[in-house]
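>>> 3D model of this:
(one chain, ligands or ions: 2)
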Amino acid sequence: DIAETSADIQRVDQRDIAEAAAMLRNGGTVAFPTETVYGLGADARNTGAVEAVFAAKGRPSDNPLIVHIADLDALDELVTEVHPVAVALMEAYWPGPLTLVLPLRPGVLSPLVSAGLDTVGVRIPDHPVARALIRASGCPVAAPSANRSGRPSPTLASHVLEDLSGYIGGVLDGGAAGVGLESTVVQVQPDGSVSILRPGGITAEQLSAVSGAGTVDNTSAEALDFTPKSAAPVSPGTADLNAADGEFPASAATDKNPAPRAPGMKYTHYAPRGWLGVVDGSSPLRVAERAASLLQAAQLNGEITGLLLFDEHIALYPAAPAACVTSLGSLDSPEEAARSLYAALRRFDEAGATYILAEACPVTGLGAAIMNRLMKAAGGTLIDAG
Ligand code: TXA
Ligand code: MG
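Ligands and ions are numbered 1, 2, ... in the order given. Model (predicted):
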């Protein structure tokens, strides 16, 4: 795997890695590239260091961190028994974008890492810089994604600095993250079935190829949603219903206008600063027509509009359907969509977009993770184009 991504390591030399490793050993925080997204690392045994990670991110303390190790040898120290199906999954997909939630061995890690749970999420990242750093530090490295809590995860070192500059020890620049979405988080149940707690870089299809047909449970994905369900659900068609009389909800939260447009807004994840809705429908044409008319109404209402779509559908829209139009690439290449999703969401911020619509995508393969992130970014707002 090192050869495949050797281009990535050119920006980082051994001295950088040694310096970053020393920072980790001394209780500091360092952001580093992984194959999924950039992580913000700290020595998982050091409560002060882990506290600094929560503080830099503004992360609620009831949301546990993933522990990153460089080799399988480091696993025994952290966990007790490991189910044979979990072993098979590690053999198949480590190093790689799969996190296993395992029974925590007491007394080794800072209790903040597991947020008081008796389990810990562990993975071996498939990135030469990440593994060199972990090895050189000699620490199990607790690392959430290196973004401010609620923001899109960072797929470039510059994203990390955008969010966390001044709050962390530094960042190792390994170029663009290859997968672009976080790891899949799973827990193997005593009966050997696999619960997906968060869809991600390893698909349900890949999991069942190892654990057996019919053994993968997708329904617990919300178990990882530590955000309170908003009491008043976001109403999907609000903007649309009110468009006729020119009444759009108040603008999304900004420094000048702190009132969130949708009640669930402050609990969204992966979110751009503007308001975001996901549009789905019975055909691409229905989706495009509905999105185009919503965008037009929003534009008339003074919103700075954004549209996130797929290459195949561009021709279904009128010319310049939004002020900022970004494609996730071809529907045939969900890998490309995953890789570019978070940067695309950040691009809307750069454009100052206040009203953004995103096309839904099929939820097979990586599409499940892409739609999961889009829906979270949208705070659950799904607009049905019929
Ligand atoms: O790809 C990734 O997983 C990235 C890179 C940096 O490795 N990391 C990442 O970490 O996405 P974070 O903290 O942003 O997300 C970790 C997810 C959270 O949803 C958390 O609730 C869940 O994993 N998690 C961690 N430990 C857990 C546990 N013991 N039980 C259940 N969920 C856990
Ligand atoms: Mg995260």
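>>> which stretches of the stretch 101-250 of the chain have low pLDDT?
Regions of the stretch 101-250 of the chain meeting the criterion pLDDT under 70 cover residues 220-250.
>>> change it to 50
The model of the stretch 101-250 of the chain has pLDDT under 50 over residues 223-250.
>>> Going by residue numbers, what spans are strands in the stretch 1-150 of the chain?
Counting by DSSP state E, counting those that start in this stretch, one finds strands in the stretch 1-150 of the chain at the ranges 30-32, 39-43, 66-68, 98-103, 119-123, 141-142.
>>> Can you list the strands that the third one pairs with?
It stands for strand 66-68. Strand 66-68 has its sheet partners listed here by DSSP bridges as strand 119-123 (parallel), strand 141-142 (antiparallel).
>>> nearest to Ala385, of these?
Closest to Ala385 of the strands paired with strand 66-68 is strand 119-123 (C-beta to C-beta; 37.0 Å). To be clear about C-beta, it is placed using only N, CA and C from the backbone, and glycine gets the same treatment.
>>> Sort out which residues of the closest one are buried, please.
Within strand 119-123, the residues that count as buried by 16 or more other C-beta atoms under 10 Å are 120-123.
>>> could the strands paired with strand 66-68 go into JSON lines alongside distance to ligand 1?
Below are the strands paired with strand 66-68 laid out as JSON lines (distance: least, C-beta to the nearest ligand atom, whole Å):
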{"stretch": "strand 119-123", "distance to ligand 1": "3"}
{"stretch": "strand 141-142", "distance to ligand 1": "9"}
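>>> closest to Thr155 out of those?
strand 119-123 (17.4 Å).
>>> rewinding a little: rebuild the strands paired with strand 66-68 as CSV, extending it with distance to Leu98.
Output for the strands paired with strand 66-68, formatted as CSV (distance: least, C-beta to C-beta, whole Å):
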stretch, distance to Leu98
strand 119-123, 6
strand 141-142, 17
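>>> how about the helices of the stretch 201-350 of the chain, start to end?
204-211, 238-243, 284-300, 334-350 (DSSP state H, counting those that start in this stretch).
>>> out of those, deepest packed?
Comparing the helices of the stretch 201-350 of the chain by mean neighbour count (mean count of other C-beta atoms under 10 Å), helix 334-350 comes out on top with a mean of 21.
>>> Briefly note if that one comes near ligand 1.
No. Helix 334-350 lies apart from ligand 1 when judged by C-beta under 6 Å from any ligand atom; the minimum separation is 11.4 Å.
>>> tell me which strands and helices that helix is in contact with?
In terms of contacts (3 or more C-beta pairs under 8 Å, 6 or more residues apart in numbering; DSSP states H and E), helix 334-350 is packed against helix 157-164, strand 305-309, strand 324-327, helix 367-377.
>>> Remind me what the following helix or strand past the first one packs against, helices and strands.
Scanning the chain past helix 157-164 towards its C-terminal end, the next helix or strand to appear is strand 184-188 (assignment: DSSP states H and E). If contacts are counted by 3+ C-beta pairs under 8 Å, 6+ apart, strand 184-188 sits against helix 84-93, strand 98-103, strand 194-198, helix 204-211.
>>> any idea how far strand 184-188 is from the chain center?
The gap between where strand 184-188 is centred and where its chain is centred comes out at 15 Å by C-alpha atoms, centre = their mean, to the nearest Å.
>>> Compute the inter-axis angle for that strand and strand 194-198.
Between strand 184-188 and strand 194-198, the angle comes out at 150 degrees (axes from the mean of the first three to the mean of the last three C-alpha atoms, to 10 degrees).
>>> JSON lines please, covering the strands of the stretch 1-150 of the chain and showing distance to Ile168.
Shown next, in JSON lines, are those (distance: least, C-beta to C-beta, whole Å):
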{"stretch": "strand 30-32", "distance to Ile168": "6"}
{"stretch": "strand 39-43", "distance to Ile168": "6"}
{"stretch": "strand 66-68", "distance to Ile168": "16"}
{"stretch": "strand 98-103", "distance to Ile168": "22"}
{"stretch": "strand 119-123", "distance to Ile168": "21"}
{"stretch": "strand 141-142", "distance to Ile168": "14"}
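>>> how about CSV for the helices and strands packed on helix 334-350, with distance to Arg25 and mean neighbour count added?
Shown next, in CSV, are those (distance: least, C-beta to C-beta, whole Å; neighbours: other C-beta atoms under 10 Å):
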stretch, distance to Arg25, mean neighbour count
helix 157-164, 20, 21
strand 305-309, 42, 27
strand 324-327, 41, 18
helix 367-377, 33, 22
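>>> Need the nearest residue in space to Pro111, chain neighbours excluded.
Thr47 (7.5 Å; C-beta to C-beta, 6 or more residues apart in numbering).
>>> wait, I meant Trp94
Spatial nearest neighbour of Trp94, excluding adjacent residues (C-beta to C-beta, 6+ apart): Ile124 at 4.5 Å.
>>> how about the residues of this protein near ligand 1?
Within the chain, the residues that sit near ligand 1 (C-beta under 6 Å from any ligand atom) are 34, 36-37, 39, 63-66, 97, 99, 101, 114, 117, 119-121, 125, 143-145, 182-183, 185, 197-198, 224, 226.
>>> how about 5 Å then?
When proximity is defined as C-beta under 5 Å from any ligand atom, the chain approaches ligand 1 at 34, 36, 39, 63-64, 66, 101, 117, 119, 121, 143-145, 182-183, 185, 224.
>>> Can you say which of these are buried?
Neighbour counting by 16+ other C-beta under 10 Å classes 34, 36, 39, 64, 66, 101, 121, 143-145, 182-183, 185, 224 among the residues of the chain next to ligand 1 as buried.
>>> Can you give me the domain assignment for the chain?
With automatic domain parsing as the criterion, the domains of the chain are listed as 6-224, 238-384.
>>> What is the burial count for Ala319?
Ala319 is flanked by 4 other residues according to other C-beta atoms under 10 Å.
>>> same thing with Glu77?
Glu77: 12 neighbours (other C-beta under 10 Å).
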